[in-house]
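A.B. asks: Sequence plus the predicted model coming up.
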Amino acid sequence: MTDARGHRSTSADEALARIQDGISRARERADRATAFRAGYESLGATDESRQDGVRVTLDASGLVTALSITDEGASRSGRQVAAAILRAHGDAVGRLRDEVERLTSDAFGATSQTTAAVLGELPGGDHDEQGDAPSPRSTW
């Protein structure tokens, strides 16, 4: 069902090529997403302050998975220990955000909505505004 110039088969060939190109791009995005997921799930961050005797480890979502305090660190006042934990936690969050940003930027682009959404799910990294003292609501 083509005319003498073959317009119909050319259009069908072009349509098929566009479909195959779309499938190829979708597979590439799926592969990037799979690689991102594997990398993201293995992320974590640790910060240690030997001076304060505190070590905090976070999982990929920013939740504390481990906290250790040396005997020397524990001998300080509750406020000092709490402040040291907050400092170590804030530094670990910063490390985690850097790693997540690198991972998402590599997979989806630095300015992509996906990168912004993933970073938006992490703690805000507003530790610097907290200073060294625990919040007044602290139970320490």
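C.D. replies: Nice, thanks for sending it over.
A.B. asks: what about stretch 105-118, average pLDDT?
C.D. replies: Stretch 105-118 shows a mean pLDDT of 89.
A.B. asks: do the same with stretch 47-65
C.D. replies: Here the average pLDDT along stretch 47-65 is 89.
A.B. asks: What lies in contact with it?
C.D. replies: 40-46, 66-74, 76, 80-81, 84-85, 87-89, 91-93, 95-96, 100, 121-123 (CB atoms under 8 Å, 6 or more residues apart in numbering). C-beta: built from backbone N, CA, C; applies to glycine.
A.B. asks: do that again at 6 Å, thanks
C.D. replies: Stretch 47-65 is contacted by residues 40, 43-46, 66-70, 72-73, 84-85, 88-89, 91-92, 96, 122-123 when judged by CB atoms under 6 Å, 6 or more residues apart in numbering.
A.B. asks: Show me what the helix or strand containing D21 is packed against.
C.D. replies: If you go by DSSP states H and E, D21 is part of helix 7-41. Applying 3 or more CB pairs under 6 Å, 6 or more residues apart in numbering; DSSP states H and E, one finds that helix 7-41 contacts helix 78-108.
A.B. asks: mind listing what's buried in the helix it packs on?
C.D. replies: For helix 78-108, a neighbour-count test (16 or more other CB atoms under 10 Å) marks 80-97, 99-100, 103-104, 107-108 as buried.
A.B. asks: Below-threshold pLDDT in this structure: ranges please.
C.D. replies: Residue ranges of the chain with pLDDT under 70: 1-9, 124-140.
A.B. asks: hang on, the earlier thing: strands paired with the helix or strand just after the helix holding D21, and their directions?
C.D. replies: Once the chain leaves helix 7-41, the next helix or strand it forms, by DSSP H and E, is strand 44-49. Paired neighbours of strand 44-49 in the sheet (DSSP bridges): strand 54-59 (antiparallel).
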